[in-house]
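Engineer: what follows is a predicted protein model with its sequence.
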Amino acid sequence: MGIPDDFAAECLYAEDQWYVHDVLEVDAENNRVVTETDTTRLGAIVDAQKAWAGHPKHVPGMVMIQITGTLGNLHAVYALGLRMSEGWVGFGTNIHQARFKNIGRIGPPLRSTLHATRIRKLEGTVFGTYEFEFRQGDSVIYESKQTAAWTRSEPAEAARAP
């Protein structure tokens, strides 16, 4: 499938902070997004790691948390129709449970899955409850349950107008 052409314009972050290099699936009906990360292209955060005996360069936890935001942004735009260009913005609100189950190795791709288990609308805000699972091959690297809230303000064009 690839990353949608308009995602750069609809994302809350610059492309070098997505840490997602391919979109494999967006299933709006089942509230599921699957992406792949090339772990050799994580940039400065991995380059800055000092390799020590027993502590190899690896996929940092902060990168995995950022990937959850990118997955949430993809889900909001392409499954829920909440476009940033129409004034929608989102914020993670809670990490209810998170487990770093194995070290994320540099080299093998990281396959990340978002499953929205609950979407509800309340007074103009859309709340999402998400389950995340990140894998390298057969190994689960990270899993979590998180929530986010999406609100709408002025569309981007109106906010920039003089």
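Structural biologist: Nice, I can see it. Predicted model only: the values in this text are computed from it and were never measured.
Engineer: if I look at the nearest residue to residue 18 once chain neighbours are set aside, how far off is residue 120?
Structural biologist: Closest residue to residue 18 apart from its sequence neighbours, by CB to CB, 6 or more residues apart in numbering: residue 70 at 4.6 Å. In this view, the C-beta of every residue, glycine as well, is placed from N, C-alpha and C. In this view, residue 70 and residue 120 are 22 Å apart by CB to CB, to the nearest Å.
Engineer: so the residue nearest to residue 18 sits against residue 21, correct?
Structural biologist: No: Residue 70 is not in contact with residue 21 according to CB atoms under 8 Å; the separation is 10.5 Å.
Engineer: need the overlap of contacts for those two.
Structural biologist: residue 35 (CB atoms under 8 Å, 6 or more residues apart in numbering).
Engineer: show me which of those two is the more surrounded one.
Structural biologist: Neighbour totals were compared for residue 70 and residue 21, and residue 70 leads with 25 against 18 (other CB atoms under 10 Å).
Engineer: give the buried residues for whatever helix or strand the more buried one lives in.
Structural biologist: Using DSSP states H and E, the element containing residue 70 is helix 61-78. For helix 61-78, a neighbour-count test (16 or more other CB atoms under 10 Å) marks 63-78 as buried.
Engineer: following it, which helix or strand shows up next?
Structural biologist: Taking DSSP H and E, what comes next after helix 61-78 is strand 88-100.
Engineer: who does the next helix or strand after that following strand pair up with?
Structural biologist: Downstream of strand 88-100, the first helix or strand assigned by DSSP H and E is strand 110-122. If you go by DSSP bridges, strand 110-122 pairs up with strand 32-37 (antiparallel), strand 125-136 (antiparallel).
Engineer: I appreciate the help and will end here.
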